[in-house]
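Engineer: build me a model:
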Amino acid sequence: MKKILAIVLLLISLNIQAQSREWTQDEKLWGVTTGALLLADWATTHNMTQRYHEGYYEKYNLLLGATPSAGAVNLYFLTVTPAVFLAADYFSNYRKEILRTTSLIEIIMVGNNLRIGLKIQF
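Structural biologist: Next comes the predicted model:
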C-alpha cells in the first residue's frame, strides 16, 4: 500500500501540464470505460470484504492481501483510480494504451469477481 501512495505522490508532484494535451473523443470514451470498470472492481472487492465467512478472499491483488479490510480496499481504489488518470494525462502520447490496458485488466478482474458470485455492491 505504501508503494501505491508513493507512486501517486510522485505523479502529483510532476508538472502534469508539461506533456499533457487535450483528450480526444476516443480517449474520453476509454476514460469513461476505465472509470466504470474501476468502480465495478471497487464495488465487487468491497462486497468481498463483507463475505469472508463465505470463503471469499482476494486472490490476485498482492497489494491488498488475502483478506483486506473495507478501509484498505477503499484506500486502494481511492489511490489507484486517480493514479491511472494522472498517468494517462501526463503520458499523453500513451494515453490510449494506458486506458486500454487498465480496462483490459479490469474486465478480467470484474468478470472473475462476478463469475465467483460477488456483487457490484458497496
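Engineer: show me the shaky parts of the chain.
Structural biologist: Residues of the chain meeting the criterion pLDDT under 70: 1-20.
Engineer: show me the helices in it, by range?
Structural biologist: 2-13, 25-49, 70-90, 95-115 (DSSP state H).
Engineer: which residues touch the second one?
Structural biologist: Spelled out, it's helix 25-49. Defining contact as Cβ atoms under 8 Å, 6 or more residues apart in numbering, one finds that helix 25-49 is touched by 23, 56-58, 61, 64, 67-70, 73-74, 77, 80-81, 84-85, 88, 95-96, 99-100, 102-103, 106-107, 109-110, 113-114, 118-122. To be clear about C-beta, it is placed using only N, CA and C from the backbone, and glycine gets the same treatment.
Engineer: now the buried members of these.
Structural biologist: 23, 56, 58, 64, 68, 73-74, 77, 80-81, 84-85, 88, 95-96, 99, 102-103, 106, 109-110, 113, 118 (16 or more other Cβ atoms under 10 Å).
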